[in-house]
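Undergrad: the sequence and its predicted three-dimensional model are supplied below.
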Amino acid sequence: MTIAMATGTHIIYADNAATTFPKPPEVLTKMIEVYTKKGVSPGRGSYDLSIEAENLVDGVRRQVCTFFNGDDPSRVVFGYNATDALNLIIQGLIEPGCHVVSSCLEHNSVLRPLHYFLQQGVIGLDLVSFDSEGFIDPGDVAKTIRPETRFVIINHGSNVVGTVQPVEQIGDVCVERGVPLILDVTQTAGIVPIDMQKWGVSAIAFTGHKSLYGPTGIGGLVARAGIDIRTTRFGGTGLDSRSLVHSQSYPQRLEAGTINILGVIGLSAGIRYVEGRSLNRLYQKEMVLTRRLRDGLSAMEGVKLYCARSLKNHLPLLLCNVEGIDPEQVSTILDGDFGIATRAGLHCAPLVHEGLGTSPKGAVRFSFGLFNTPEEIEKILQAMEAISRSQRTT
């Protein structure tokens, strides 16, 4: 879908790994419809409308728990986004002197809090490298686990190279060693089925505004029974207001303040939307576009692709560079001359680019959603051919 802007221009939106756009009209309509009727503080009053709003939120907790195959809806905790949820998990699990295992594929939402605690001398940290195709070896994870390892935290799908990690095998390693596995499912939720119980995952962090097609400002975590995340922020919960001690029951243990009920409504509508269209069908449609772009770009002189030789266990995104042109300049030309929106730079994941050899300038990322079309891919290929040809003739 080529999007008409208010300025009268049209864009091809290829930055869905950042935020899917546009949102399905059905999701936006449902948000307005329900919020108009029930947009009050959930559970903060004894009047019927507040109770109805609380029941609505509890229903979405059950929906999210089922979607990810968690085991307790009360352990679905709503927050702002995946970064918020990851901070809750990391800060709520870390203990002085503990050890953490993660990877070089992580987003800064994981790397920065871990680096902070490492610099403070609170934790030990091992980061597992990825291979030339963008995958982590579960055996390498096993080798880094120590007796004092508190948890393993892994990016399920890379926002930079698009590889989907072998989390079921990593989960087997963690279960065998008795170490909780935390998954960042920011890029995979809504496009790759996620099974917490089958994979031995202790907790996940998710966001609503990517492949779940909800709004920005809503996300959260799902924690299974057996892992307790310490409270790290405090405030009103609507329960036991006389006490100055924050509630230790879930979900209030990790929530403080009024919930973003409009976001919760949108998240619920987004989940229903993708489930109604089949995650696998959406994935296959988007991968057809990705394969066509991969094949076209790989045949172009002067264009380099990263971790895209095989698209098995891969998300609908591609990373590339044009020889002799800074990625930011390529992205600017795509936007200004061809009306194509992409993301260039380091993608908030500096260690991935160090591993690829694309640091410090990074690369150009194309990422697709359910509204992209084959015609748009052909226009992208034409634009990239024009850019690469202009560089070859200068």
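TA: It's in.

Undergrad: buried stuff in the helix or strand hosting Arg112?
TA: Per DSSP states H and E: Arg112 is located in helix 108-119. The neighbour-count check on helix 108-119 (16 or more other CB atoms under 10 Å) flags Asn108, Ser109, Val110, Leu111, Arg112, Pro113, Leu114, Phe117 as buried. All C-beta spots, glycine's among them, are computed from the backbone N, C-alpha and C.

Undergrad: C-terminal to it, what's the next element?
TA: The helix or strand immediately downstream of helix 108-119 is strand 123-128, counting by DSSP H and E.

Undergrad: strand partners of that following strand, parallel vs antiparallel please.
TA: Partner strands and pairing direction for strand 123-128 (DSSP bridges) are strand 98-103 (parallel).

Undergrad: buried set for the partner strand?
TA: Buried residues in strand 98-103, defined by neighbour count with 16+ other CB under 10 Å: Cys98, His99, Val100, Val101, Ser102, Ser103.

Undergrad: distance to Glu323 and pLDDT added to the residues you listed, as CSV?
TA: Shown next, in CSV, are the buried residues of strand 98-103 (distance: CB to CB, whole Å; pLDDT from 0 to 100):
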residue, distance to Glu323, pLDDT
Cys98, 45, 98
His99, 42, 98
Val100, 38, 98
Val101, 37, 98
Ser102, 33, 98
Ser103, 29, 98
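
Undergrad: can you pull the domain assignment for this structure?
TA: What automatic domain parsing lists as the domains of the chain is 2-16+278-392, 26-276.

Undergrad: residue contacts, the most centrally placed residue in the chain?
TA: Nearest to the mean C-alpha position of the chain, by CA atoms, centre = their mean, lies Thr186 at 1.3 Å. Applying CB atoms under 8 Å, 6 or more residues apart in numbering to Thr186 gives the contacts Ala82, His107, Ser109, Asn155, His156, Gly157, Asn159, Ala205, Phe206, Thr207, Lys210.

Undergrad: end-to-end on stretch 248-263?
TA: In stretch 248-263, first residue to last residue: 24 Å (CA to CA, to the nearest Å).

Undergrad: list the buried ones in it?
TA: Tyr250, Pro251, Gln252, Arg253, Leu254, Glu255, Ala256, Ile259, Asn260, Ile261, Leu262, Gly263.

Undergrad: export those to JSON lines and tack on secondary structure, pLDDT and distance to Gly324?
TA: Listed next are the buried residues of stretch 248-263 as JSON lines, based on DSSP: H, G, I helix; E, B strand; the rest coil; pLDDT from 0 to 100; distance: CB to CB, whole Å:
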{"residue": "Tyr250", "secondary structure": "coil", "pLDDT": "93", "distance to Gly324": "54"}
{"residue": "Pro251", "secondary structure": "coil", "pLDDT": "95", "distance to Gly324": "52"}
{"residue": "Gln252", "secondary structure": "helix", "pLDDT": "93", "distance to Gly324": "56"}
{"residue": "Arg253", "secondary structure": "helix", "pLDDT": "94", "distance to Gly324": "54"}
{"residue": "Leu254", "secondary structure": "helix", "pLDDT": "95", "distance to Gly324": "49"}
{"residue": "Glu255", "secondary structure": "coil", "pLDDT": "95", "distance to Gly324": "51"}
{"residue": "Ala256", "secondary structure": "coil", "pLDDT": "92", "distance to Gly324": "51"}
{"residue": "Ile259", "secondary structure": "coil", "pLDDT": "93", "distance to Gly324": "50"}
{"residue": "Asn260", "secondary structure": "coil", "pLDDT": "96", "distance to Gly324": "46"}
{"residue": "Ile261", "secondary structure": "helix", "pLDDT": "97", "distance to Gly324": "51"}
{"residue": "Leu262", "secondary structure": "helix", "pLDDT": "98", "distance to Gly324": "47"}
{"residue": "Gly263", "secondary structure": "helix", "pLDDT": "98", "distance to Gly324": "44"}
